[in-house]
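Q: sequence first, predicted model second:
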Amino acid sequence: MKKNRQKFSKEFKEEAVSHWENSDKTADEIAKDIGIPNGKYLSRWKRELDKRGPDAFPGNGKLLGKDAEIAALKKQLRYAQEERDILKKAVGIFSKL
């Protein structure tokens with residue numbers, strides 16, 4: 001049987017890490033207090049906050065910064081290539097008439 005995975009908001013993660021940093025308790029103790037499975041979550045969240053700063057925790061399927069821009073540009077390129085191919089076919093059809 002599949003378990004439902006817990007989801008935590010960006011604000012919750014930031015508050016949890018802040019609480020852990022400003023406390024004398026261990027990560028496991030804080031995790032137990034706030035209702036998350038274990039302290040590994042806090043450690044991972046802290047690493048991500050340290051690494052990405054305000055871009056941390058974008059959400060499921062959302063890209064960050066340049067990755068999002070590259071994905072949008074690739075999408076536009078695919079669209080332009082499809083239009084070009086359609087126009088090539090149309091020119092081929094109408095030139096035979």
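A: Happy to help now that I have it. Numbers count the residues shown, from 1 in each chain.

Q: for the closest residue to Ser23 other than its chain neighbours, what are its contacts?
A: Closest residue to Ser23 apart from its sequence neighbours, by CB to CB, 6 or more residues apart in numbering: Ile30 at 6.3 Å. (Each C-beta comes from the backbone N, C-alpha and C, glycine too.) Residues in contact with Ile30 (CB atoms under 8 Å, 6 or more residues apart in numbering) are 16, 19-20, 23, 39, 42.

Q: give the buried residues for the helix or strand hosting Ile30.
A: Element membership for Ile30, per DSSP states H and E: helix 27-34. If you call a residue buried by 16 or more other CB atoms under 10 Å, then helix 27-34 has these buried ones: 27, 30-31.

Q: now stretch 56-69
A: Buried-residue list, stretch 56-69, by 16+ other CB under 10 Å: 56-57.

Q: tell me how far Asn22 lies from Glu69.
A: Using CB to CB, to the nearest Å, we find Asn22 at a distance of 36 Å from Glu69.

Q: related to what we said a few turns ago, from the contacts of Ile30, pick the one nearest Phe8.
A: Ala16 (7.8 Å; CB to CB).

Q: quick one on the thing from earlier: what mean pLDDT does the helix holding Ile30 have?
A: Average pLDDT, helix 27-34: 89.

Q: after that helix, next one along is what?
A: Under the assignment DSSP H and E, the closest C-terminal helix or strand after helix 27-34 is helix 39-52.

Q: can you give me the pLDDT of Met1?
A: Met1 is assigned 60 on the pLDDT scale.

Q: now Gly61
A: Residue-level pLDDT assigned to Gly61 equals 67.

Q: so how far is Tyr41 from the residue nearest to Ser23?
A: As defined by CB to CB, Ile30 lies at a distance of 10 Å from Tyr41.
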